[in-house]
Structure formats: C-alpha cells, structure tokens
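Enquirer: For reference, the sequence and a predicted model appear below.
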Amino acid sequence: MSERLDVEVLDRREALEALREPWSALWERCPAATAFQRPEWLIPWCRELGPEEVLALVFRSEQGLVGMAPLAIHRTGEERVVALLGAGITDYNDVLAAPGYERAVAEAVFACLDERADAWDVADLHDLRGSSPLFAAEAPSGWSDEVEKLEACPRVTIPEGAGPDDLFSPGMRARVSRARKRLARAGALRVDVADAASVDELLDALFANHRARWISRGEGGVLDEALRPFHRAVARGLCARGALRLFGLRLDGRIIASLYGLSERGGLASYITGFDPELAWYSPGLVMLASAIEHAAREGARTVDFLRGREPYKYEWGAVDRWTYRRRLRHRGAREAGRPDGPEAGQGELEGAVRAVMSGEVSSEVGLVRLLGAAGDLAAAVRAIEAARPAAGEGEPAARLEALRRCLDERRAACATVAEMLGAHRDAGVAGADAPARTARLFDELCARSEEASVAAYSLGDPEILERATREVVELLERWGAIGEGRAILQIGCGIGRFEAALAPRVREAWGLDVAPRMIEAARRRCAGLPNVVLAVSSGVDLGDVPSARFDLVYAVDSFPYLVAAGAAVVDRHVAEARRVLLPGGELVVLSYSYRGDPARDAADVARLAARHGFDVLVSGERAFSLWDGRAYRLRRLEHR
C-alpha cells in the first residue's frame, strides 16, 4: 500500500475519549485485532492506570481512519521509554491497521517516532504477536533493533464441527464428568454468563474467588484493589459491546468459581479465573473452565486462548504455545555519536580487524581476510599489522599478532588471490532486483580462480583449512541432532558441494542448490559416486521444484548474507519456502545471517522471520566455531502457525 497517510498526534487522554466511536469502527475492520486493542480496554487503562499525556498516532487516508498507534512516553530511570498503552496487564499489545494498510501504518509509526527522536531514548514494544505490523516492519536506517521471545500464550484449537464429545480428550472428559457428579451431589449447579444486569455481581464474585484462591496459596493474586476500578469499567464496556464472557458457576445459588473471558473473532480468551478454595476437592475450577469452553464452542468459537503463562493446567486441555515478542529500538541519534566517516572509517576497519585477532575474537585466518578486505592489498595489510605491535605489548595479544603476520607471510600468493577476489566481490554488488544473476556471475568467476576460497575466503585456498572448517559445521549439526541416517537434508547455496560430500554418508539423502552453474559443476565432481546426493542450479528467488514436506533439515552456510543483500522480500521468500519443504518438526539452520556487523539486528530479523513463518527459535546468534566467525541460528518448524 503506497498511498500517503496523514497523521494526527493526540497528546491528551481526553482526545482518545473523543475518538471512541471511530476507534471502535476501525477495530471492527481489523480482523487480527484482539479485545486488548478495543477502546473499552485502553481508555479505562489510561483513565485508571495510565499517564495524563499520551502519544497516540492516528492515521488517515482517502478512505478515512485506517490506523492507530496508542503510545505513551514514560521514564524508567534515566531513559525516556516509548511503549504501547496497556503495557503490563495487556497480554497482546499492538497497533490497529485496516486490511492492506498494515505495513504502511507500521512504517508511518516508526517515521513519526524518528521525527520526534529528541523526545525519547528507547521504544520498548512488549507483548507483540508474530503477526503484529510493528513486529514485521523494518526499523529505520541506523536504529538499533533487539528482539526477544517474551511469553508463551497456550491456545486450544476447537476442531471444526466438533460436537460436545469431541471438545476434550477422553481422559479430560472423564475428569470433568466425575467433577460435575461430585458437585451435583452437593447441590444444584448452574452456569451464568454476565449481562448488563448481572455484570457487577459476577465481577464481585470473581474478585472474591480470585483473592481467596491466591490467599490460600500465600500469594496476593493479580486483582488487587488498585486494579478493580479498571476491570469494572472494562467489564461494563465490553458487556455493552457483547464482547465480555464473564462466567459464574453457582452451587445452590452461590458463585463458587469464576472465569473472566473476552470474546474475540472466532475465539474465547481466558483472562483470569478464580474459585472458592474451600471447595477445591470438588474441582470447581475444572468444571468452570469446561463449561466456558463448551459455551464458546456453541457460539462457534474455533480457539480458546489461555493467554500468557505456562501454568501446567493449560496443557491438560491440549493447549499449544503461541509466543509473544519484545522489540526494543533505539533511534540513530544515540548510535551515530562519535561514529567516524570518510578515510577515518576505513582506517578504523583495518585497526578493528587487527584488534579482533589480538583479543582472540576471531582466528588468524578470519582476521586476515577481514584485514585484506579493508586494506585492499598486501602492503597495506602488512603496515596495519606492524602499526599494532606497540599496542600488542607481550603475552597473548602479541603472540596472536605474530600468528597473523606469519599467516600472511606463509601464504602471500594465496593472500594476493583472496585480496583480488574480495575486490571483485566488493565491486560486483549483489543488491537489487537482478541480485541473483549478479551473484551467479560473481561466484562463477570466483570459483574459476579458487574453488576453496570461493566458498570460504578464510581458507585462503587451502584445502586443509577448508576441511577443518567443514568439519566444525558437521560436528555442530551432529551435536544438535540435525542429521542422521534416516534424514533428508537440503542446503541453500551449496557452493562446491563440500557439505554434500561430507554429509552424504551420514544421511538418507543430501540435496544442494546454488545459483552459480560453475559451482554446481564443481559440486558434481566432488560428489561423483554418491548416489544419495542431488545437486541443481537454483533461481536464487525461491526453492523452485523442490518437493514439499520432504526434508528434516534445510541449512544455509554463509549464503544468507547474499539473500539479505538482495532485499527483505528475497529473504522472506526463502524462509517461507524452507517451511514448505520441511516436515513438521524439521529445522532451518542458518550459519551467518548477514555481513552487516550488527548481531543484534540480525537476531531481531531472524526472530521476526521465525514468527511470521511458523518457526521456533532454538539458537540465536551463537558463536559456534573456532575457525570461522559465522553466527549460528537454529529454527524448528512448528506444526501450527
């Protein structure tokens, strides 16, 4: 959606009150919105718990109101923090964006914050779902970007057309039946659902039951006196909208268990429960929850969301975790302070490459390649090494510096070739719409110069060094249990087939794709006589005719940086394709995500891609190798998105 959006900034909570009806109308248009984005939730939060001043961004197009970002700025210590309204007691935070405007609204939010960078230090966006526009959108250039998996929100899926006997497992049905019989012997049972006349009575019972339950456990619960006015306003407002599902289980007229739920499109969200602990033997909480799920199913609900928290009882109903995320961003002003540019920046790269070796951060081989890339020729690389000797002093730093110089001296011819290859790599450019074709030409040329160096410059064209590096990756995959005799694996960017040759004896079948025809020719020579190896030239755009749901592992060794350089759409397509070709529970392993030199940004990108395409991140940015400086990302395909 390229249509220009007009933005209005609301800075007082009274202005939000005035926007209530258009806000509600926008909510109705947003199919992914939850009850937590309704004005009936957020206006009481502002009034009872929030700040006087807000930073609500309202976006309009020719179609009218199409987006809203309810934000505020508060102080945490010395930092001025931008956060979404409702943070703290809201399980899903988000913006509202009309269909087709999701990306435009999120980008406009970040643009508005960028324009107001002098008013804040960090944007701390909590409890975002993987589908959130704020989670998916690229951060503005120069911003730092950190993402972490935050909370599990277990959710039950109700099968389409499920009858009463299909809602629960046989074991759970039996438990519910026994509990209902026990309660029926104790008195008359009835389940009430709040309406305008009964909402206050059922809410008071919830407060009492919740408090009694938590006091019996020596804790205070989450419905203290300060929160009750907020929840009373919310319950009344949602009840008027038909979105409240506040249940009360009565025994001889007395409410002995409560469930405070929110009705969302096609689902029920269970926010808070409570029951009389004196009747715990009768399992009133179990009966209450079963009754609420049955009621939701009769209304046509397809999901029951237990919201955040991994309490064991949730999984007894068959719930599966869905995760929320936290995204922390800092604007470029804080990051650009003291950053050199011009010739000083190039000198800084030279010094940085040498320092990385002296500190032990990278191996001599990797440091030498970094140095050659920054220097452009051997003479400049030698000068940088010699200039560092006074700072190296004695001990380990000096020994590492000497090993770097020795590595260069012993492989001068190879270093000259690698320097030329790095220059060709730098000059070729691999970004833009024709990136796959240019990448193919580049690697065809590099492969002709040196097969080993073309796939790992730090090997310096030495087959022994390349074999060591290959072995490190194979050992990592074995340690993770990602390979095995019965497994099928696929590599994106297989190069000269070094991994196919190494892994073929360990797996059922090993597939490799690469955009460079000369690389595939080299791979076929290397893998000749291995009947379980399949090699093919790929488009660099997707995985082509690779069959769906066939592989246990899709992996990429130093090939994703070229996808990243080609653009976000290319990366997104490859991750989507990886999900397509993986079996449920299969893994996507990315070894080196980009060459940007920003591990936090890489980890944030990987987390967003994982959430968008139905993967769980098991390992994020691990330094797994001694020879190579690539960072490891390990993702597992989830059965349900």
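Expert: Cool, the structure landed.
Enquirer: Residue 99: how many residues sit nearby?
Expert: Neighbourhood size, residue 99 [other C-beta atoms under 10 Å]: 11. C-beta coordinates here come from the backbone N, C-alpha and C atoms, glycine included.
Enquirer: quick one: it is in a helix?
Expert: No. If the criterion is DSSP: H, G, I helix; E, B strand; the rest coil, then residue 99 is coil and not within a helix.
Enquirer: my read: it touches residue 30, true?
Expert: Yes. Using C-beta atoms under 8 Å, residue 99 makes contact with residue 30 at a distance of 7.3 Å.
Enquirer: any shared contact partners between these two?
Expert: In terms of C-beta atoms under 8 Å, 6 or more residues apart in numbering, residue 99 and residue 30 are not both contacted by any residue.
Enquirer: how far out from the middle of the chain is stretch 65-83?
Expert: Remark: stretch 65-83 is offset 21 Å from the chain centroid, using C-alpha atoms, centre = their mean, to the nearest Å.
Enquirer: What lies in contact with that stretch?
Expert: Residues contacting stretch 65-83 (C-beta under 8 Å, 6+ apart): 5, 16, 22-23, 25-26, 37, 42, 50-51, 53-60, 84-86, 95-98, 101, 104-105, 108-109, 113, 119-126, 134.
Enquirer: Keeping just the C-alphas, turn that stretch into PDB.
Expert: What follows is stretch 65-83, C-alpha atoms only, in PDB (Å, rounded to 0.1, in the frame of the first residue of the first chain):
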ATOM      1  CA  LEU A  65      -9.300   6.300   9.500                       C
ATOM      2  CA  VAL A  66      -7.000   3.400   8.600                       C
ATOM      3  CA  GLY A  67      -4.600   3.100  11.500                       C
ATOM      4  CA  MET A  68      -4.000   3.900  15.100                       C
ATOM      5  CA  ALA A  69      -0.900   3.500  17.400                       C
ATOM      6  CA  PRO A  70      -1.800   4.100  21.100                       C
ATOM      7  CA  LEU A  71       1.500   5.100  22.600                       C
ATOM      8  CA  ALA A  72       2.900   7.000  25.600                       C
ATOM      9  CA  ILE A  73       6.300   8.100  26.800                       C
ATOM     10  CA  HIS A  74       7.300   7.400  30.400                       C
ATOM     11  CA  ARG A  75      10.600   7.400  32.300                       C
ATOM     12  CA  THR A  76      12.400   4.300  33.500                       C
ATOM     13  CA  GLY A  77      15.400   5.500  35.500                       C
ATOM     14  CA  GLU A  78      17.200   8.000  33.200                       C
ATOM     15  CA  GLU A  79      15.600   6.600  30.000                       C
ATOM     16  CA  ARG A  80      12.600   8.000  28.200                       C
ATOM     17  CA  VAL A  81      10.700   5.000  27.000                       C
ATOM     18  CA  VAL A  82       8.000   4.800  24.300                       C
ATOM     19  CA  ALA A  83       5.500   2.000  25.000                       C
END
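Enquirer: pLDDT (mean, whole number) over it?
Expert: The average pLDDT within stretch 65-83 is 90.
Enquirer: again, but for stretch 558-568
Expert: Computed over stretch 558-568, the average pLDDT equals 86.
Enquirer: can you give me how far that stretch is from the chain middle?
Expert: 18 Å.
Enquirer: Repeat that for stretch 228-240.
Expert: 33 Å.
Enquirer: Quick check: closest non-adjacent residue to residue 156.
Expert: Excluding the flanking residues, the one nearest residue 156 by C-beta to C-beta, 6 or more residues apart in numbering is residue 304, at 4.4 Å.
Enquirer: Domain boundaries for the protein, per the record?
Expert: Listed domain ranges for the chain are 6-150+326-336, 159-301, 343-410, 451-637 (source: automatic domain parsing).
Enquirer: among the ones you listed, which is the most enclosed?
Expert: Highest mean neighbour count among these (mean count of other C-beta atoms under 10 Å): domain 451-637, with a mean of 20.
Enquirer: returning to that earlier point: among the contacts of stretch 65-83, which ones are in strands?
Expert: Under the assignment DSSP state E, the contacts of stretch 65-83 contribute 53-60, 84, 96-97, 122-126 to strands.
Enquirer: Give me the lowest-pLDDT entry from these.
Expert: residue 53 (79).
Enquirer: Quick check: the gap between the closest residue to it other than its chain neighbours and residue 469.
Expert: The shortest distance from residue 53 to any non-neighbouring residue, by C-beta to C-beta, 6+ apart, is to residue 11 (5.6 Å). Distance of residue 11 to residue 469, given as C-beta to C-beta, to the nearest Å: 56 Å.
Enquirer: before we move on, what SS does the residue nearest to residue 51 when sequence neighbours are not counted have?
Expert: Spatially, and ignoring its direct neighbours in sequence, residue 51 is nearest to residue 72 (5.3 Å; C-beta to C-beta, 6+ apart). Secondary structure, three-state DSSP: residue 72 is strand.
Enquirer: Any stretches of this protein with poor pLDDT?
Expert: In the predicted model of the chain, residues 1-3, 219-222, 333-348, 373, 414-415, 417-434, 440, 444, 446-461, 640-641 satisfy pLDDT under 70.
Enquirer: Would you mind writing the CA trace of stretch 506-520 as PDB?
Expert: C-alpha atoms of stretch 506-520 as PDB (Å, rounded to 0.1, in the frame of the first residue of the first chain):
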ATOM      1  CA  ARG A 506      25.500 -39.600   7.400                       C
ATOM      2  CA  VAL A 507      22.000 -39.000   5.900                       C
ATOM      3  CA  ARG A 508      19.400 -40.700   3.700                       C
ATOM      4  CA  GLU A 509      19.700 -38.000   1.000                       C
ATOM      5  CA  ALA A 510      21.500 -34.700   0.600                       C
ATOM      6  CA  TRP A 511      20.300 -32.100  -1.700                       C
ATOM      7  CA  GLY A 512      22.200 -28.900  -2.700                       C
ATOM      8  CA  LEU A 513      21.100 -25.800  -4.600                       C
ATOM      9  CA  ASP A 514      23.200 -22.900  -5.900                       C
ATOM     10  CA  VAL A 515      22.700 -20.000  -8.300                       C
ATOM     11  CA  ALA A 516      26.200 -20.400  -9.900                       C
ATOM     12  CA  PRO A 517      26.400 -23.100 -12.600                       C
ATOM     13  CA  ARG A 518      30.200 -23.400 -12.300                       C
ATOM     14  CA  MET A 519      29.700 -24.100  -8.500                       C
ATOM     15  CA  ILE A 520      27.300 -26.900  -9.300                       C
END
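Enquirer: Please list all residues in contact with residue 302.
Expert: 157-158, 160, 266-267.
Enquirer: My guess is residue 150 contacts residue 322. True?
Expert: No. With contact defined as C-beta under 8 Å, residue 150 does not reach residue 322; the gap is 11.6 Å.
Enquirer: so how far is residue 484 from residue 105?
Expert: Distance from residue 105 to residue 484, by C-beta to C-beta: 45 Å.
Enquirer: give me every residue that touches the nearest residue to residue 573 once chain neighbours are set aside.
Expert: Ranked by C-beta to C-beta, 6+ apart and with sequence neighbours excluded, the top spatial neighbour of residue 573 is residue 542, at 5.4 Å. By C-beta under 8 Å, 6+ apart, the contact set of residue 542 is 573-574, 577.
Enquirer: so where does the closest residue to residue 596 other than its chain neighbours fall, helix or strand?
Expert: Excluding its sequence neighbours, the residue lying closest to residue 596 (C-beta to C-beta, 6+ apart) is residue 602, at 6.8 Å. Assessed by DSSP states H and E, residue 602 sits inside helix 599-613.
Enquirer: Likewise for residue 246?
Expert: Counting by DSSP H and E, residue 246 is part of strand 244-251.
Enquirer: which neighbours does that strand have in its sheet, and in what orientation?
Expert: strand 189-193 (antiparallel), strand 254-264 (antiparallel) (DSSP bridges).
Enquirer: Pipe those into CSV and attach distance to residue 206 per row.
Expert: Formatted as CSV, the strands paired with strand 244-251 follow (distance: least, C-beta to C-beta, whole Å):
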stretch, distance to residue 206
strand 189-193, 12
strand 254-264, 4
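Enquirer: Quick check: which of these is nearest to residue 205?
Expert: Nearest to residue 205, of all the strands paired with strand 244-251, is strand 254-264, at 3.8 Å by C-beta to C-beta.
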